[in-house]
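Enquirer: task: produce atomic coordinates for the following.
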Amino acid sequence: MSFYWNIFGPLNLGLDLAIVVSFFLLARINRGLQSGKGWWTILRQAALGAILLWTMAGLYVGGIVGVALMARCSWTLFTVALPLLLAYFAVRRVRYLLLAPALLLVGFKYYGEVIEPGWVEVERAVIAVEGLKAPLKVAHISDLQTDGIGPMHQAVLSEVNGYSPDFIFFTGDILNHASIQPQIKGYMGGFKSRRGSFFVGGNVDDLLNLPEFLEGTGFALLDDSYRKVRHEAGTVGIAGLGLDSFADRPLLKKLLSDMGRADLTLLLSHVPDAYPNAAELGVDAVFSGHTHGGQVCLPWFGPVLTMSGVPRKIAAGGIHRVKETYVIVSRGLGLEGHVSPRVRLFCRPNLLLLEIRPKK
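Expert: So this is what the prediction gives:
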């Protein structure tokens, strides 16, 4: 009942059917118990009952999968069950105008599952840092989390290579299932940088043996380590924190101490929650992903869920300033996998092409 199909397709189709059937079954039972109530009251109660049922299932499963199950329930009820219900009343009561909102909901589903997830926003930005002698260019990619390479991914590759960046930073979460590993590895090997490409692991990267996967791609794994690179702009120090180390202040302090003086100090961390320690320790800029910008955002509210402890404004993505540190959070390119609804709403995929200039 989705416009996409992946390795989890059979499971997700079964879940969608179970969600829709549970809603209509509850409506039928409710109608038998409360025959005097109006249809809309009965259906509203059935919807609440279905949400409660699947919320309990999500809480039982727990973790990210449990949250994804609850999100899938809401999305399926809104974009599948409700259009079916409207179509039923349109035919049953000969009120064909009800087909219009049903079709609008289906169109909304198509937009969220097909159009926006493939509509990448290429963001070009400039920041200034003291101590640099010349500008340098960075391409920031995060949360590829894909089920296969499509036109949007090829456009990203073309944009990055056309930018001719000095550095490429990939802040974790490559794919949603290991079966497409060869395809994704080949794709990553297509990115070219002038001075180095660096990677830190994310939540879903435990599907892979990262050192083996990254071999031959041109990306260096930077989990809990650092590199110093000489550039015409000055010495660039790049530290990386692994997924389990994002809050480890002593480790970050040691990495920065071992790195020694650099004209530009950068930190890569999949989780943006690393930025408070980085700001206190004088890091010039932190590059992160993880939040997907919320993946689903509401007008005038922002991300519904960020799975992060940072302020909502930062988790929503973009470039922010905390003390003297830039906090740069990518909305990512991909989508949550497994049973999550594969949808983006008012939160387009994001590629950042950044120029870091000397501060005048």
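Enquirer: tell me the domain ranges of the chain?
Expert: Using automatic domain parsing, the domain parsing of the chain gives 9-116, 121-358.
Enquirer: determine how far the last one lies from the middle of the whole chain.
Expert: Between the centre of domain 121-358 and the centre of its host chain there is 12 Å, according to CA atoms, centre = their mean, to the nearest Å.
Enquirer: returning to what we had before: dump the domains of the chain to CSV, plus mean neighbour count.
Expert: All C-beta spots, glycine's among them, are computed from the backbone N, C-alpha and C. Formatted as CSV, the domains of the chain follow (neighbours: other CB atoms under 10 Å):
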stretch, mean neighbour count
domain 9-116, 16
domain 121-358, 20
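Enquirer: mean pLDDT and distance to M1 added to those, as JSON lines?
Expert: Formatted as JSON lines, the domains of the chain follow (pLDDT from 0 to 100; distance: least, CB to CB, whole Å):
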{"stretch": "domain 9-116", "mean pLDDT": "92", "distance to M1": "4"}
{"stretch": "domain 121-358", "mean pLDDT": "96", "distance to M1": "10"}
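Enquirer: could those domains go into CSV alongside distance to F3?
Expert: Listed next are the domains of the chain as CSV, based on distance: least, CB to CB, whole Å:
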stretch, distance to F3
domain 9-116, 4
domain 121-358, 9
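Enquirer: which residues of this protein fall in strands?
Expert: 121-129, 136-141, 167-170, 196-199, 219-221, 225-231, 234-241, 264-269, 285-288, 297-298, 302-303, 318-322, 325-329, 350-358 (DSSP state E).
Enquirer: looking at the ones you listed, which is closest to V21?
Expert: strand 297-298 (28.8 Å; CB to CB).
Enquirer: partners of that closest one, with directions?
Expert: If you go by DSSP bridges, strand 297-298 pairs up with strand 302-303 (antiparallel).
Enquirer: which residues are in contact with the strand it pairs with?
Expert: Residues from elsewhere that reach strand 302-303 (CB atoms under 8 Å, 6 or more residues apart in numbering): T291, G293, G294, Q295, V296, C297, R312, K313, A315, A316, C347.
Enquirer: the fourth one reaches V343, doesn't it?
Expert: So that's Q295. Yes. The pair Q295 and V343 qualifies as a contact (CB atoms under 8 Å) at a distance of 7.3 Å.
Enquirer: any shared contact partners between those two?
Expert: L335.
Enquirer: so who does S330 touch?
Expert: S330 touches H140, I141, S142, D143, T171, F287, S288, G289, G293, G317, N350, L352, counting by CB under 8 Å, 6+ apart.
Enquirer: look up how far A71 lies from G172.
Expert: 21 Å (CB to CB, to the nearest Å).
Enquirer: next: E324.
Expert: Taken as CB to CB, the span from E324 to A71 is 37 Å.
Enquirer: repeat for T235
Expert: T235 is 45 Å from A71, by CB to CB.
Enquirer: longest helix in this protein, by residue count?
Expert: helix 9-33 (DSSP state H).
Enquirer: circling back: can you put the strands of the chain in JSON lines and add distance to G9?
Expert: Shown next, in JSON lines, are the strands of the chain (distance: least, CB to CB, whole Å):
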{"stretch": "strand 121-129", "distance to G9": "27"}
{"stretch": "strand 136-141", "distance to G9": "26"}
{"stretch": "strand 167-170", "distance to G9": "27"}
{"stretch": "strand 196-199", "distance to G9": "29"}
{"stretch": "strand 219-221", "distance to G9": "30"}
{"stretch": "strand 225-231", "distance to G9": "38"}
{"stretch": "strand 234-241", "distance to G9": "35"}
{"stretch": "strand 264-269", "distance to G9": "33"}
{"stretch": "strand 285-288", "distance to G9": "31"}
{"stretch": "strand 297-298", "distance to G9": "26"}
{"stretch": "strand 302-303", "distance to G9": "27"}
{"stretch": "strand 318-322", "distance to G9": "33"}
{"stretch": "strand 325-329", "distance to G9": "31"}
{"stretch": "strand 350-358", "distance to G9": "26"}
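Enquirer: I appreciate the help and will end here.
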